[in-house]
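>>> Structure, please.
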Amino acid sequence: MIVNDQGMSLQIASLKTPIGRLNLIADGEVLLGANFSSIKALKESVDQSYLGSEFKSVKKLPGISPLIDNYFAGDITALNAIKVSQPGGEFSQAAWKSMRKVRVGTVISYSQLAEKAGSPKAVRAAGSACAKNAIVLVVPCHRIVKTGGDLGNYAYGVNKKLWLLRHEGLQ
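Reported below is the predicted structural model:
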């Protein structure tokens, strides 16, 4: 396989959602970042290996935008088909992988996340992995709550977290 060392441009799109504008950045069909804040923050969240990449604004990300639209239209498992990649240490990677395994319509606690990620005592690190998650929604940090069920924090506001959980069928 021949690899193009010219460097491909990363694609950026913004989608209107019921809870605000969702900014996305991708390398082909791999989602590198998603946020409800700004394109600037999105660009800053990508792996250092993409430094110097060109950014191309597009209306839709092929293979990604339709799945996100489907999610908001009611196919709450559509996000599972999106491939993701983000920078982070070994524990954060394990935590993000574990977050993606939390079934739609359910939540787990930070301590359960720490356990699933392989370090039962790393509850604070589990919270930190949620806070550092650069691929909001698709890596569903909104499904992680405090022990006892209190929603806990969410970078984009607890109201968005609650909306997402209700959209996914959590009572």
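>>> From here on, just use CA atoms for contacts and neighbour counts.
Will do.
>>> From the contact counts, what lies against the helix or strand of the chain with the lowest mean pLDDT?
Averaged element by element with mean pLDDT, DSSP states H and E, the chain has its least confident helix or strand at helix 39-45 (a mean of 92). Contacts defined by 3 or more CA pairs under 8 Å, 6 or more residues apart in numbering; DSSP states H and E place helix 39-45 against strand 20-27, strand 30-35.
>>> Pick the most buried one from those strands.
strand 30-35 (a mean of 24; mean count of other CA atoms under 10 Å).
>>> Restrict it to CA atoms and write it as PDB.
Listed next in PDB are the C-alpha coordinates belonging to strand 30-35 (Å, rounded to 0.1, in the frame of the first residue of the first chain):
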ATOM      1  CA  VAL A  30     -12.300   8.300  11.600                       C
ATOM      2  CA  LEU A  31     -13.700  10.900  14.000                       C
ATOM      3  CA  LEU A  32     -10.900  12.800  15.800                       C
ATOM      4  CA  GLY A  33     -12.900  15.300  17.800                       C
ATOM      5  CA  ALA A  34     -16.500  16.400  18.600                       C
ATOM      6  CA  ASN A  35     -17.600  19.300  20.800                       C
END
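>>> between that strand and strand 20-27, how big is the angle?
Computed by axes from the mean of the first three to the mean of the last three CA atoms, to 10 degrees, the angle separating strand 30-35 from strand 20-27 equals 150 degrees.
>>> who touches strand 30-35?
The contact list for strand 30-35 (CA atoms under 8 Å, 6 or more residues apart in numbering) reads 22-26, 42, 45-46, 64, 82-86, 134-138.
>>> if you set the cut-off to 7 Å instead, what comes out?
Under the criterion CA atoms under 7 Å, 6 or more residues apart in numbering, residues 22-26, 42, 45-46, 83-86, 134-136 lie in contact with strand 30-35.
>>> repeat for stretch 88-103
Residues outside stretch 88-103 that contact it (CA under 7 Å, 6+ apart): 113-114, 116-117, 126, 129, 139-141.
>>> Which ones among the residues you listed map onto helices?
113-114, 116, 126, 129 (DSSP state H).
>>> Which pair of those residues spans the longest distance?
Pairwise distances across the ones in helices among the contacts of stretch 88-103 (CA to CA) peak at 12.9 Å, for the pair K116 and A129.
>>> who's more crowded, the two?
Set side by side, K116 and A129 show more neighbours around A129, with 24 against 17, by other CA atoms under 10 Å.
>>> Understood, closing this out.
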